[in-house]
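Novice: Output the structure for:
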Amino acid sequence: MTLIARLTDILGTGQVLTGADMAAYSSDWTGKYNWTPRAVLRPGTTGEVAAILRLASEEAIPVVPTGGRTGLTGAIAAEGALMLSLERMNHIRAIRPEARVAVVEAGVILSTLHDAAEAAGLYFPLWFGARGSAQIGGVLSTNAGGSNVLRYGSTRALCLGMEVVLADGRVMNLMSELHKDNSGYDLKDLFIGAEGTLGIITAATMKLVPAPRAHATAMLAAPSLPAALTLLNRLQESTGGLVEAFEFMPRPYLEQLRDRRPDLGLPFAEIHDVTILAELGATAPRDTTPLPDGSVPLTTLLEETLASMMEDGLVLDAMLARTEAQRRAIWARREAAAEITVGHGHTVDTDVALPLDKVDAFLARALAATQRIDPGAETNTVAHLGDGNLHYTIFPTREDPALDETLTEAVEDIVADLGGSFSAEHGIGLSKLSSMRRRKDKVALDMMRALKAAFDPKGILNPGKTVPNKTS
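Specialist: Below is the predicted model of the structure:
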């Protein structure tokens, strides 16, 4: 039997795509990476994934897993490989409200889990713009972050257990629902952020939290980033840690928003250097029950804190959402960031993490370095300011790989000097392999290569991604 016939025997007719049927799976959504897979496979069960990997191991054929194809680093590029789409493995096996967990397959779309949790009176607190297409397997494989990391942590913090198919087809059952399990190595964490290079995640146990009964959301203008951090700290102190999001949108971003998405409007008549989206979330009736005058205590608390800050000169202007429609309009301005960036054309994207009190220094130094290297280059920055994660994007004056690398290295130098990381939430894939080679501790890289060799001795799982080869 041919390879395609053997794969069809495993999956059934219609689940092995070749030729023109693979078109939708042959590029990422940014359009930066394009490839031609050997075939696209659409398994429906863990057993089918295991059978595929047994065959791939036997024939030493590369396998590249994919979810919603919303990544930004080329991690699913699959030239000549078997591309393994988990989209049919999209069942929510259980929502257990008393234990506050969801047991889900890897192909479950993030927004689908949001809806299922909401129906149970709970909330899955991983939130970002691609939630309508990103899948659980993908967000685990990249350790995705988003807007709520400040309060709830990244994907790693939300996962209790998982099911993984190894390179040789064995199934590792780590589907724990325990919050404490001190029984040796925590193997689960090895697969989170590994981008499918160590195993294929097929299911997971995810934490749920009480659904907020009320949100208080505002756009505010601050005179500086240090002033914005002072506001963040005051909000955390006054609310007992109820800040769910604290997003930074500087002047260049809002100018591009005005020009590219005029339908979304701007928060203020004047564009300020520092604009912040701040959101609180609460579950306690004392914070969320409307008073006789119709006011909500949580919103009043935010309003009073901002008024106090305005008196101190630390807030220049503020706009509170009074309705859910106004809240959604505020978030739409922030979530347009990816669309605006991709629509600009050629970019140098960075995804860096910094100590909170070093963000201001980073931006000043990065902007200066960008202009020194490429005078006339434009930039666009948005940030999850509450956790120090910046998406600093450069629009060079010309397409030149050598220039791109020089700009990237300059940003990395500044990040390293300030004690930060060159990668925060988008993963490594292909685009950050050179950064890994330059910046990651050499001993740590050796240990990563040793893990890869132990879990995938034939090197068939998403080869060439995440961890640079020693000789390349």
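Novice: do you know how far Asp351 is from Ser423?
Specialist: To Ser423, Asp351 is 6 Å away according to C-beta to C-beta, to the nearest Å. C-betas here are computed from N, CA, C, even on glycine.
Novice: Return stretch 360-377 as CSV; C-alpha atoms alone will do.
Specialist: Output of stretch 360-377 as CSV, limited to C-alpha atoms (Å, rounded to 0.1, in the frame of the first residue of the first chain):
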residue,chain,number,x,y,z
ASP,A,360,9.6,53.1,29.9
ALA,A,361,13.4,52.8,29.5
PHE,A,362,13.0,50.0,27.0
LEU,A,363,10.8,52.1,24.7
ALA,A,364,13.0,55.1,24.8
ARG,A,365,16.1,53.1,24.0
ALA,A,366,14.4,50.9,21.4
LEU,A,367,13.0,53.9,19.5
ALA,A,368,16.4,55.6,19.5
ALA,A,369,18.1,52.4,18.3
THR,A,370,15.5,51.9,15.6
GLN,A,371,16.0,55.4,14.2
ARG,A,372,19.8,55.1,14.4
ILE,A,373,19.8,51.9,12.4
ASP,A,374,17.0,52.8,10.0
PRO,A,375,16.2,56.5,9.9
GLY,A,376,12.6,56.9,8.9
ALA,A,377,11.4,53.5,10.1
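Novice: what about that stretch, average pLDDT?
Specialist: Here stretch 360-377 scores 97 as its mean pLDDT.
Novice: Poorly predicted segments of the chain, please.
Specialist: The chain contains residues with pLDDT under 70 at 471-472.
Novice: so how many other residues sit close to the closest residue to Gly31 other than its chain neighbours?
Specialist: With sequence-adjacent residues excluded and distances taken as C-beta to C-beta, 6 or more residues apart in numbering, Gly31 is closest to Val342, at 7.7 Å. Val342 has 16 neighbours, counted by other C-beta atoms under 10 Å.
Novice: Let the chain start at 429 from now.
Specialist: Sure, I'll start numbering at 429, so the last one becomes Val770.
Novice: Figure out the helix or strand that Ala522 lives in.
Specialist: Per DSSP states H and E: Ala522 is located in strand 520-524.
Novice: So which residues make contact with that strand?
Specialist: Applying C-beta atoms under 8 Å, 6 or more residues apart in numbering, the external contacts of strand 520-524 come out as 529-533, 536, 540-541, 544-545, 547-548, 550, 605, 631, 636.
Novice: contacting residues for the most centrally placed residue in the chain?
Specialist: Closest to where the C-alpha atoms of the chain average out (C-alpha atoms, centre = their mean) is Ala572, at 3.2 Å. Ala572 makes contacts with 554, 556, 562, 566, 582-583, 853, as judged by C-beta under 8 Å, 6+ apart.
Novice: Could you do Arg516 as well?
Specialist: 443, 470-472, 535.
Novice: quick one: which of these is most hemmed in?
Specialist: Top of these by neighbour number is Pro471, holding 27 neighbours under the definition other C-beta under 10 Å.
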